[in-house]
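Asks: Here is a sequence together with a model predicted from it:
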Amino acid sequence: LKVAMNLSLEIVGATKGLILLYNKMENILSVGTSSGMETVKVVGDELFIQMDKFSLKLESNLIDYISGRPDIYTLEDIENIPQLFQTKDWLLKTGATMFAPLMIKQDIKGFILLDANVDDKEFFKTLMNQISMSLENARLYREAIIDGLTGLYVYRYFEIQLTNEIRRAQRYGKKLAVLI
């Protein structure tokens with residue numbers, strides 16, 4: 001996420017940004033990463049940036065609206081769309097001037113907020129799609145190596161890691177012990 005944030009900041013010439021990840025089951029956001037913002041702290045379901053706070057609980061009309069109209073939104077765009085009123089609060093309190101959803105198909109994975117003006121919206125949408133795909137790939141990888149019921153690594157992951165450690169021990173001429 002940090003790499004995605006830094007890349008986004010560099011490409012659009014922004015000085016600060018925030019990636020918020022969406023938990024669909026609980027209908028709440030969490031902070032993925034931030035850059036250029038002084039103090040970012042989560043307490044309960046509220047996000048504090050310096051002395052400003054906003055709720056991480058999402059309004060249902062916001063999700064419905066954005067799912068049907070994924071786009072890059074600026075503060076000016078939000079003024080005319082009542083369903084996006086909650087995002088106006090985000091932008092004002094973070095100092096960002098735009099936000100974009102991070103989506104896979106019609107499924108919202110999160111949002112990115114930046115303090116930039118984007119001239120080439122299509123290019124920026126492509127960048128957001130790439131970040132969204134990276135998030136989805138990371139989630140799928142985690143699901144592939146961690147058992148959903150126990151939260152423990154699966155046996156196949158153990159085999160792969162053991163092979164890597166054996167090769168490392170051989171490469172550096174070290175002994176390897178395995179305790180099970």
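Replies: It's in. Residues are numbered from 1 along each chain as shown.

Asks: Neighbours of residue 161, how many?
Replies: Neighbour count for residue 161, taken as other Cβ atoms under 10 Å: 12. No exception for glycine: its C-beta is placed from N, CA and C like everyone else's.

Asks: Go ahead and name everything in contact with the helix or strand bottoming out on mean pLDDT in the chain.
Replies: Least confident helix or strand, the chain: strand 52-55 with a mean of 73, by mean pLDDT, DSSP states H and E. Residues outside strand 52-55 that contact it (Cβ atoms under 8 Å, 6 or more residues apart in numbering) are 45-47, 86, 89-90, 93-94.

Asks: Give the closest residue to residue 99 in space, chain neighbours not counted.
Replies: Leaving aside its sequence neighbours, residue 99 sits nearest to residue 113 (Cβ to Cβ, 6 or more residues apart in numbering; 4.5 Å).

Asks: what's next to the helix or strand containing that neighbour, contact-wise?
Replies: Using DSSP states H and E, residue 113 falls within strand 107-114. The set of residues external to strand 107-114 that reach it, using Cβ under 8 Å, 6+ apart, is 5, 8-9, 12, 14, 16-22, 24, 29, 32, 63, 66-67, 87, 90-91, 94, 96-103, 128, 131-132, 135-136.

Asks: Strands - which of those land there?
Replies: Mapping the contacts of strand 107-114 onto strands (DSSP state E) picks out 17-22, 29, 32, 98-103.

Asks: from those residues, which single one is nearest residue 174?
Replies: Relative to residue 174, the closest of these is residue 32; by Cβ to Cβ it sits at 37.3 Å.

Asks: Please enumerate the helices of this protein.
Replies: 2-12, 60-68, 75-79, 85-94, 121-145, 155-171 (DSSP state H).

Asks: ranking those helices by burial, who's on top?
Replies: helix 85-94 (a mean of 18; mean count of other Cβ atoms under 10 Å).

Asks: Leaving out chain neighbours, which residue sits closest to residue 117?
Replies: Nearest non-adjacent residue to residue 117, counting by Cβ to Cβ, 6+ apart: residue 97, 6.6 Å away.
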